[in-house]
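Enquirer: Predicted model, plus sequence, below.
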Amino acid sequence: MAEQNKGAQPAPRTESHDPAFPEAFLQFMRTGWREDPIEVAALPEAPNYAKRRAALSEAFPGETLIIPSGNEKVRANDTDYAFRPGSDFVYLTGDRDPDSVLVMRPSGSGHDAVLYTRERNSKETDRFFRDRNGELWVGRTHTLAEKSAELGLETASLGLLGPALAGSAPGRTRVLRGFDPNVDRTVLQYEPNPAKPRERELAWVISELKLVKDEWEITQLQQAIDATVRGFEDVARVLPADRGVKERLLEGVFGLRARHDGNDVGYGSIVGAGAHATILHWIRNTGVTTPGELLLMDMGVEGENFYTADVTRTIPVSGTFTPLQRQVYEIVYRSQQAGIDAVRPGVAFRDVHKICMRVLAEGLHDLGLLPVSVDEAMADDSTVYRRWTLHGFGHMLGIDVHDCAHARNETYRDGELAEGYVLTVEPGLYFQPEDELVPEELRGIGIRIEDDVLVTADGCRNLSAGLPREAGEVEQWLAAQREAGPRLPA
């Protein structure tokens, strides 16, 4: 079935510096190649993707749904960034290729799903060596039939996508916009005035389907988190106690683990030494560690199936917290523990936030920093405590580091937790170096502790418990890693 769904291929991708091949060379390249078959088996998780498409189908009866994977992005001149497919597309198909598009058309009581994707640049044409997407450039790729067998999903040539979209019914088509401008433009020809609420509804329905993780997803997350634990251990083993090293060395050591044990890092690693720890999204990582100061590391491995961990630890470079560092650390630790203790089905997401923030506000009051009482600082018309924390207690986690981002507020931020949710709990305190409202000895201290927790039937399970959190245990862990010494991923 899939092999019949072929169409015109996109123009070959070439570069300005490619040579003009003489005919003798072209004829020579067209001969003498063996065709090696590849074994293709259905992915064990393919039924999971089918269930998700079925759930999406139920939400939009009688409508055509279009979900692209996205396009490759130019990094510089003629080089691209490594391609990472759109998360919603992966969630519904398991496919990893650029330019692919899932089209779900109404049929009977549900939808027929077809994946429009590139055909294999086989040795039947010169594309296999002339096209930068040809197999001599990128390796053996799947035929339409092979991909269909692997994903359990009907496939068709990308060349047939235009005619397929031309049949979209005005007012009955929704597209996940912003991933593929070609798709957006094509649909606009038939939907000249797309109703933005209709497109947002498609995005939020998919986000809300992603809120509850199934067992396979939880396994994927646990594997990514376990690899992240190993990555933190790798970093601790090369972190000297008596001299400085570049933040980028530590970033690179963790990145090695991420590439070895997973797909990549799930987001730009934050490695903040000293005052850099007070910069919430410090990803330049141009600093150097200093004995006696703290090191904040917010890092996560993205697994082979794109589910990502998100873990933060703040450790003393010298191996031991100073009394003041420990005092601030324990405020953050108590806040995080209170939040973790509160996580269970039926608890409001915002209540977990308030619980964590109140502990931080109480700690700031004990440090003599709040200009008002704790109750006044926590009031909705004040929240002055946030000068030293800024962000919330956490977020959903899954195939995106900030998962389910398009879910409605009433379901997510203003909603209640449910069994199967996975979220971070990550309070922090940050005292900027230039903040004249804090004592000089506090300036430049930034501390965050972050773990990934699964909401269970009667509470929650800390998926990242393999990394210690309590101050004394962190010191012991750091000493043990240093004693073990550097290691290469096995």
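Expert: Structure's in. What do you need?
Enquirer: Flag every buried residue along the helix or strand of the chain with the lowest mean pLDDT.
Expert: Every helix and strand of the chain was ranked by mean pLDDT, DSSP states H and E. The lowest is helix 181-190, at a mean of 79. Across helix 181-190, burial judged by 16 or more other Cβ atoms under 10 Å covers 183-184, 186-187. For every residue, glycine as well, the C-beta is placed using N, CA and C.
Enquirer: just these now: which is nearest A164?
Expert: Minimum distance to A164 across those is 9.6 Å, recorded for T186 (Cβ to Cβ).
Enquirer: which helix in this structure runs the most residues?
Expert: Ranked by residue count, the top helix of the chain under DSSP state H comes out as helix 215-238.
Enquirer: And the helix or strand just after it, what's buried?
Expert: Scanning forward in sequence from helix 215-238 by DSSP states H and E, the next helix or strand is helix 247-261. Buried residues in helix 247-261, counted by 16+ other Cβ under 10 Å: 247-251, 253-255, 257-258, 261.
Enquirer: Columns pLDDT and distance to T141 on top of these, output as a markdown table?
Expert: Shown next, in a markdown table, are the buried residues of helix 247-261 (pLDDT from 0 to 100; distance: Cβ to Cβ, whole Å):
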| residue | pLDDT | distance to T141 |
| --- | --- | --- |
| E247 | 98 | 38 |
| R248 | 98 | 35 |
| L249 | 98 | 37 |
| L250 | 98 | 36 |
| E251 | 98 | 32 |
| V253 | 98 | 33 |
| F254 | 98 | 31 |
| G255 | 98 | 27 |
| R257 | 98 | 29 |
| A258 | 98 | 25 |
| D261 | 98 | 25 |
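Enquirer: Which members of those are the farthest-apart pair?
Expert: E247 and D261 (21.5 Å).
Enquirer: picking up where we left off before, can I get the CA coordinates of the longest helix of the chain in CSV?
Expert: Extracted in CSV, the C-alpha atoms of helix 215-238 (Å, rounded to 0.1, in the frame of the first residue of the first chain):
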residue,chain,number,x,y,z
GLU,A,215,4.0,3.3,31.6
TRP,A,216,6.2,3.4,28.4
GLU,A,217,6.6,7.2,28.8
ILE,A,218,7.5,6.8,32.5
THR,A,219,10.1,4.3,31.6
GLN,A,220,11.6,6.7,29.0
LEU,A,221,11.7,9.4,31.6
GLN,A,222,13.3,7.2,34.2
GLN,A,223,16.0,6.1,31.7
ALA,A,224,16.8,9.8,30.9
ILE,A,225,16.9,10.7,34.6
ASP,A,226,19.1,7.7,35.4
ALA,A,227,21.5,8.8,32.7
THR,A,228,21.4,12.4,34.1
VAL,A,229,22.4,11.0,37.5
ARG,A,230,25.4,9.4,35.9
GLY,A,231,26.2,12.6,34.1
PHE,A,232,26.2,14.6,37.4
GLU,A,233,28.5,11.9,38.8
ASP,A,234,30.8,12.3,35.8
VAL,A,235,31.0,16.0,36.4
ALA,A,236,31.7,15.7,40.1
ARG,A,237,34.5,13.3,39.4
VAL,A,238,36.4,15.9,37.4
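Enquirer: picking that back up, so which of the buried residues of helix 247-261 comes closest to P170?
Expert: Looking across the buried residues of helix 247-261 and measuring by Cβ to Cβ, the closest to P170 is A258, at 45.2 Å.
Enquirer: now the closest one: how far from L454?
Expert: Using Cβ to Cβ, to the nearest Å, A258 is found at 22 Å from L454.
Enquirer: Also V229?
Expert: Taken as Cβ to Cβ, the span from V229 to L454 is 16 Å.
Enquirer: my guess is K354 meets A379, correct?
Expert: No. K354 is not in contact with A379 according to Cβ atoms under 8 Å; the separation is 11.4 Å.
Enquirer: So if I had to pick from those two, which one is more boxed in?
Expert: K354 (15 against 11; other Cβ atoms under 10 Å).
Enquirer: tell me the contacts of that one?
Expert: With contact set as Cβ atoms under 8 Å, 6 or more residues apart in numbering, K354 has these partners: M378.
Enquirer: is it true that it lies in a strand?
Expert: No. K354 is assigned helix when assessed by DSSP: H, G, I helix; E, B strand; the rest coil, not a strand.
Enquirer: Could you give the number of residues near N305?
Expert: By other Cβ under 10 Å, 20 other residues sit near N305.
Enquirer: which residues touch it?
Expert: 45, 90, 94, 220, 263 are the contacts of N305 under Cβ under 8 Å, 6+ apart.
Enquirer: Please point out which parts of the helix or strand encompassing L454 sit buried.
Expert: Using DSSP H and E, L454 sits in strand 451-456. Neighbour-count burial for strand 451-456 flags 451-455 (criterion: 16+ other Cβ under 10 Å).
Enquirer: Repeat that for stretch 294-308.
Expert: In terms of neighbour count (16+ other Cβ under 10 Å), stretch 294-308 has its buried residues at 294-303, 305-308.
Enquirer: cool, and stretch 472-490?
Expert: 474-475, 477-478, 481-482.
Enquirer: hmm, who's touching that stretch?
Expert: 230, 233-234, 236-239, 241, 256-257, 260-261, 313, 315-316, 319-321, 467-468.
Enquirer: Of those, which count as buried by neighbour count?
Expert: Buried among those (16+ other Cβ under 10 Å): 230, 233-234, 236-239, 257, 261, 313, 315-316, 319-321, 467.
Enquirer: which among the residues you listed gets closest to L442?
Expert: F321 (14.0 Å).
Enquirer: for L239, what are its contacts?
Expert: Counted by Cβ under 8 Å, 6+ apart, L239 has contacts 245, 250, 289, 295, 315, 317, 478, 482.
Enquirer: ah, wrong one, I meant R198
Expert: R174.
Enquirer: Would you mark the buried spots in stretch 94-105?
Expert: 94-95, 97-105.
Enquirer: which of the residues you listed sit farthest apart?
Expert: P98 and R105, at 22.7 Å, using Cβ to Cβ across the buried residues of stretch 94-105.
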